[in-house]
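> This is a predicted model, with the sequence first.
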Amino acid sequence: MATRSKRYQLARKAVDPARRYSLPEAVSLLKTFPAAKFTETVELSVRLGIDPRQSDQMVRGSVSLPHGIGKEVRVIAFCEGSKAAEAREAGAIEAGGEELVKKIEAGWTDFDVAVAEPAMMRHVGKLGRILGPQGKMPSPKSGTVTPDVVRAVKEFKAGRVEYRADNTGNLHVPVGRADFDEQKLVENVEAILSHIQAARPPSVKGVFIRSAHLSLTMSPSVRLAV
């Protein structure tokens, strides 16, 4: 079993494992943890009351955070003609059609988010085995398949984030950085939780959001009162 660092152990002593913290309390507590040698990401983990084996209970989407996540997001766009040029001007690091598909088939995946025009999915569909496991496959449910790819590029560059439940019914999403103002972190988390709650599948019975935790990249988690 791996030994936790002294910094981690000090942070864990500050957390009451039996307590559920209000969101402002949890954010304030994270701010007291010993700092790492780099600026850590603040992450939200949510356990959902879904059956991931049921296709009608899959939870996936994207939401624009009020204050972004403080990270440079590398976006590519599957589109052609003038749209490709506009997407690059909007901040896409790559934009194109079949040639971009071939580049990814050859092994290039150095990006965070891929958006696509609906007409391009006939070409992009063949990338499912590559981008699917990485969580980068464009999908209408996550807002990454859209007629307005230029707008999508701008939104993801500005702080729109994707979320997707894994095969255990949990989802993990960044909500900012450790150096963010506390109120900004609170507002970002509230925006995501509200969006997830609104995305509740009709077939889900009982409690939908079973638990939620906040943590830093290398810290213990703090359970939220949700």
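It's in. Numbers count the residues shown, from 1 in each chain.

> So this structure: which segments form each domain?
Segmentation of the chain into domains, based on automatic domain parsing, reads 17-68+161-223, 75-158.

> can I get the ones you listed in CSV with mean neighbour count and distance to Leu10?
All C-beta atoms are positioned from the backbone trio N, CA, C, and that covers glycine. Shown next, in CSV, are these (neighbours: other CB atoms under 10 Å; distance: least, CB to CB, whole Å):
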stretch, mean neighbour count, distance to Leu10
domain 17-68+161-223, 17, 5
domain 75-158, 18, 32
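
> got these as a markdown table, with mean pLDDT and distance to Lys6 columns?
Formatted as a markdown table, the domains of the chain follow (pLDDT from 0 to 100; distance: least, CB to CB, whole Å):
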| stretch | mean pLDDT | distance to Lys6 |
| --- | --- | --- |
| domain 17-68+161-223 | 94 | 8 |
| domain 75-158 | 94 | 33 |
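
> Just put those in a markdown table and tack on distance to Tyr8.
Output for the domains of the chain, formatted as a markdown table (distance: least, CB to CB, whole Å):
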| stretch | distance to Tyr8 |
| --- | --- |
| domain 17-68+161-223 | 7 |
| domain 75-158 | 27 |
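
> can you tell which of the ones you listed is closest to Ala11?
Ala11 sits nearest to domain 17-68+161-223 of all those, at 4.1 Å, using CB to CB.

> gap between the closest one and the chain center?
Centre-to-centre, domain 17-68+161-223 and its host chain are 9 Å apart (CA atoms, centre = their mean, to the nearest Å).

> what does stretch 5-25 give?
23 Å.

> What's the end-to-end length of it?
24 Å (CA to CA, to the nearest Å).

> Give me the longest helix you can find in the protein.
Identified as the longest helix of the chain according to DSSP state H is helix 182-198.

> for the next helix or strand after it, packing partners?
Where DSSP states H and E defines the elements, the next helix or strand beyond helix 182-198 is strand 209-216. Strand 209-216 sits against helix 23-32, strand 41-48, helix 182-198, strand 222-223, with contacts defined as 3 or more CB pairs under 8 Å, 6 or more residues apart in numbering; DSSP states H and E.

> And the strands in this structure?
Per DSSP state E, the chain carries strands over the ranges 41-48, 60-64, 75-78, 94-96, 113-116, 160-164, 170-177, 209-216, 222-223.

> The first one versus helix 182-198: what angle between them?
It stands for strand 41-48. With axes from the mean of the first three to the mean of the last three CA atoms, to 10 degrees defining the directions, strand 41-48 sits at 30 degrees from helix 182-198.

> Can you tell me which of the strands of the chain is nearest to Ala85?
strand 94-96 (7.5 Å).

> who does that closest one pair up with?
Sheet pairing for strand 94-96, assigned by DSSP bridges, gives strand 75-78 (parallel).

> ok, residues contacting the partner strand?
Residues from elsewhere that reach strand 75-78, judged by CB atoms under 8 Å, 6 or more residues apart in numbering: 83-84, 87, 91-97, 100-101, 111-117, 120, 123-124, 138, 149-150, 152-153, 156-157.

> Return the distance of that strand from the chain's centre.
That offset, for strand 75-78, works out to 17 Å (CA atoms, centre = their mean).

> Could you export it as CSV, CA atoms only?
Coordinates of each C-alpha in strand 75-78 appear next as CSV, following Å, rounded to 0.1, in the frame of the first residue of the first chain:
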residue,chain,number,x,y,z
VAL,A,75,-10.0,22.5,-28.8
ILE,A,76,-10.2,21.0,-32.3
ALA,A,77,-13.0,21.3,-34.8
PHE,A,78,-14.2,19.0,-37.4
